[in-house]
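>>> below are the sequence and a predicted model for it; my questions follow.
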Amino acid sequence: MDVDIGNALASVASPGVSRESLERLDEQVADAHERIEAGMADGEHGYEALNLPDRTDPDEIRRTVEPVADAEALVTVGIGGSALGAATITEALAAESDTEAISLDNVDPAWVSNHLERLPLENTAVNVVSRSGTTAETLANFLVVREAFEDAGVDWTERTIVTTGESGPLRDLSERHDLPSLSVPDGVPGRFSALSAVGMVAAAVCGHDLEALLSGAAAEAETLSGSLFDCPAYAYGATSYALDARGARMNAMVPYAESLETYSEWFAQLWAESLGKDDLGQTPLRALGATDQHSQLQLYRAGPRDKLVTFVTSEEGTDRSIPETDVEDLAYLGDATLGELLDAEFEATEASLAAAGRPNVRLELERVDEYELGGLLYGMEAACVLAGELYGVNTFEQPAVEWAKKATRGLLGGGEFEEADAVAEKSELRVER
Ligand SMILES: O=P(O)(O)OC[C@H]1O[C@H](O)[C@H](O)[C@@H](O)[C@@H]1O
């Protein structure tokens, strides 16, 4: 991954960051890098995630998924960090796989039922993922999926792989039914676990090249160094932090590739859950090029100056020519391809933001393949860890999310949780029909 921060400079944009400020910030980056390196060396909670390219064992993952390696469809049952890494990888690389991958990460009953009715269950693999093994949505969906298999006369124990922590209800269940299972590595929070079994089981079932994903990530790890000017991931993390401090309180992630739409969801969790603490943090927004040029671009170019726009581009990819037409006004399209049109749309949008003095950054991939994707995921994780050091927050916890999880459990009678009492205390000012 290369990063171009030229359009975030104060000479182009407002808010923007001057070259001198970046050089001053680079001293903090050097300190933060020392902290990150020490955390990685000691395998400290969270920092350990940056060691995954060396720690994840692709052979173990492939061996474990062997019983379902021929699946026509794959259902990942998980939520948040236990679903978005797998979904990002399988969606980005879907064109290369014959296995249809879906993610049951919500408990909307109609949506869950529609999926289960449609899937060829006798040839569907189930990938259940939960670090804690207690997340209500995941466990509930798993029970529903099991029942659907039973109703269809399919032995779910033959079709299920479990990835969870060393202990907990899901671990117990997998032991009771002797299910093939893998562990969420210690010290790796869910949103940083895409490059462990958490994201890679789905990649393996879909037949993707696990080694290439890891070596792309390892190449990105090689660039981590004491200066943002030598490390694309740190350049991104430091620039985002500096812009937030100057008023770009939001960060719109805009890939120019349909296959990276879920990547923006993954990024949103990473950025929001890691940095949203102590009244700090940059709000991630999700958009897609070129589609959202025709909906959100007006706001990005002419609305409040509170946004950084992050583009993700890919140099190469499948292309398709646009057929010629005898309609004179459309003749120019017949000389181009859809890929050229997409590139032109990206360049025009980037230039239009710069011309309006709106900060934007480019993340450049050579193509969307395993290697580049591994680099992108790792690079954004490292950017986030660096930003967390610069903000001075605890990047790897998520107490605000845990609060609502306890309240939900309390409401469903899953134990005594004082958080559930707050639900009854809601203030009301109703306006009725
Ligand atoms: O993997 P699990 O324990 O099921 O957790 C799934 C998700 O649950 C919570 O909402 C956390 O905030 C997320 O960080 C986590 O990824």
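On my side now, so go ahead.

>>> Ile161: what secondary structure?
Following DSSP: H, G, I helix; E, B strand; the rest coil, we place Ile161 in the strand state.

>>> who in this structure is up against the ligand?
Contact residues, the chain versus the ligand (Cβ under 6 Å from any ligand atom): 79-82, 130-132, 135, 138, 190-191, 273, 398, 401. For every residue, glycine as well, the C-beta is placed using N, CA and C.

>>> which of these are buried?
Burial by neighbour count, judged by 16 or more other Cβ atoms under 10 Å, picks out 79-82, 130-132, 135, 138, 190-191, 273, 398 from the residues of the chain next to the ligand.

>>> buried set for stretch 7-18?
Asn7, Ala8, Leu9, Ala10, Val12, Ala13, Pro15, Gly16, Val17.

>>> hang on, the earlier thing: which one of the buried ones among the residues of the chain next to the ligand sits closest to His177?
His177 lies nearest to Ser130 out of those, by Cβ to Cβ, at 15.6 Å.

>>> next up, the contacts around the closest one.
Each residue near Ser130 by Cβ atoms under 8 Å, 6 or more residues apart in numbering is listed here: Gly78, Ile79, Ser82, Thr138, Leu139, Thr163, Thr164, Gly168, Leu170.

>>> what helix or strand does the closest residue to it other than its chain neighbours sit in?
The spatial neighbour of Ser130 that comes closest, neighbours along the chain excluded (Cβ to Cβ, 6 or more residues apart in numbering), is Thr138 at 4.6 Å. Thr138 belongs to helix 136-151 when assigned by DSSP states H and E.

>>> list the buried residues of that helix.
For helix 136-151, the neighbour count (16+ other Cβ under 10 Å) marks Glu137, Thr138, Leu139, Asn141, Phe142, Val144, Val145, Arg146, Ala148, Phe149 as buried.

>>> dump those residues to JSON lines, plus pLDDT and distance to Ala49.
Shown next, in JSON lines, are those (pLDDT from 0 to 100; distance: Cβ to Cβ, whole Å):
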{"residue": "Glu137", "pLDDT": "94", "distance to Ala49": "23"}
{"residue": "Thr138", "pLDDT": "96", "distance to Ala49": "20"}
{"residue": "Leu139", "pLDDT": "96", "distance to Ala49": "24"}
{"residue": "Asn141", "pLDDT": "97", "distance to Ala49": "25"}
{"residue": "Phe142", "pLDDT": "97", "distance to Ala49": "25"}
{"residue": "Val144", "pLDDT": "97", "distance to Ala49": "31"}
{"residue": "Val145", "pLDDT": "97", "distance to Ala49": "28"}
{"residue": "Arg146", "pLDDT": "97", "distance to Ala49": "31"}
{"residue": "Ala148", "pLDDT": "97", "distance to Ala49": "34"}
{"residue": "Phe149", "pLDDT": "97", "distance to Ala49": "33"}
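
>>> show me which of those is closest to the ligand.
Thr138 (5.1 Å; Cβ to the nearest ligand atom).

>>> thought the closest one was touching Gly80?
No. Checked against Cβ atoms under 8 Å, the pair Thr138 and Gly80 is beyond contact range at 9.2 Å.

>>> could you list every residue that touches whatever residue of the stretch 201-350 of the chain ends up closest to the ligand?
Relative to the ligand, the nearest point of the stretch 201-350 of the chain is Glu273 (5.5 Å; Cβ to the nearest ligand atom). Shown in contact with Glu273 (Cβ under 8 Å, 6+ apart): Gly80, Gly81, Arg191, Gln398, Val401.

>>> repeat for Ser227
Asp26, Val29, Ala30, Tyr234.

>>> endpoints of stretch 146-164, how far apart?
Across stretch 146-164, the terminal residues are separated by 17 Å (Cα to Cα, to the nearest Å).

>>> ok, back up a step: can you redo the buried ones among the residues of the chain next to the ligand as TSV with secondary structure?
Formatted as TSV, those follow (three-state DSSP):
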residue	secondary structure
Ile79	coil
Gly80	helix
Gly81	helix
Ser82	helix
Ser130	strand
Arg131	coil
Ser132	coil
Thr135	coil
Thr138	helix
Gly190	helix
Arg191	helix
Glu273	helix
Gln398	coil
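
>>> so which of those comes closest to Arg62?
Nearest member of those to Arg62, counting by Cβ to Cβ, is Ser82, at 20.2 Å.

>>> with respect to Met200, which of the contacts of Glu273 is nearest?
Lowest distance from Met200 to the contacts of Glu273 (Cβ to Cβ) belongs to Gly81, with 13.6 Å.

>>> next up, the contacts around the residue lying closest to that closest one once chain neighbours are set aside.
In space, and not counting its chain neighbours, Gly81 is closest to Gly190: 2.4 Å by Cβ to Cβ, 6+ apart. Gly190 sits next to Gly80, Gly81, Ser82, Arg131, Val184, Val198 when contact means Cβ under 8 Å, 6+ apart.

>>> now the two most distant members of those.
Going by Cβ to Cβ, the pair spanning these furthest: Gly80 and Val184, at 12.6 Å.

>>> and the pLDDT at the residue in the stretch 251-400 of the chain that the ligand sits nearest to?
Distances between the stretch 251-400 of the chain and the ligand by Cβ to the nearest ligand atom are smallest at Gln398, namely 4.2 Å. Per-residue pLDDT puts Gln398 at 91.

>>> ranges for the strands of the stretch 251-400 of the chain?
283-286, 307-314, 360-365 (DSSP state E, counting those that start in this stretch).

>>> could these go into a markdown table alongside mean pLDDT and distance to Asp42?
Output for those, formatted as a markdown table (pLDDT from 0 to 100; distance: least, Cβ to Cβ, whole Å):
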| stretch | mean pLDDT | distance to Asp42 |
| --- | --- | --- |
| strand 283-286 | 97 | 29 |
| strand 307-314 | 97 | 31 |
| strand 360-365 | 98 | 30 |
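
>>> can you redo those strands as JSON lines with distance to Thr223?
Formatted as JSON lines, those follow (distance: least, Cβ to Cβ, whole Å):
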{"stretch": "strand 283-286", "distance to Thr223": "23"}
{"stretch": "strand 307-314", "distance to Thr223": "18"}
{"stretch": "strand 360-365", "distance to Thr223": "14"}
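
>>> out of these, which gets nearest to Pro323?
Across those, Pro323 has its closest neighbour in strand 307-314 (23.8 Å, Cβ to Cβ).

>>> other SSEs contacting the closest one?
Judged by 3 or more Cβ pairs under 8 Å, 6 or more residues apart in numbering; DSSP states H and E, strand 307-314 is in contact with helix 232-245, strand 250-255, helix 338-355, strand 360-365.
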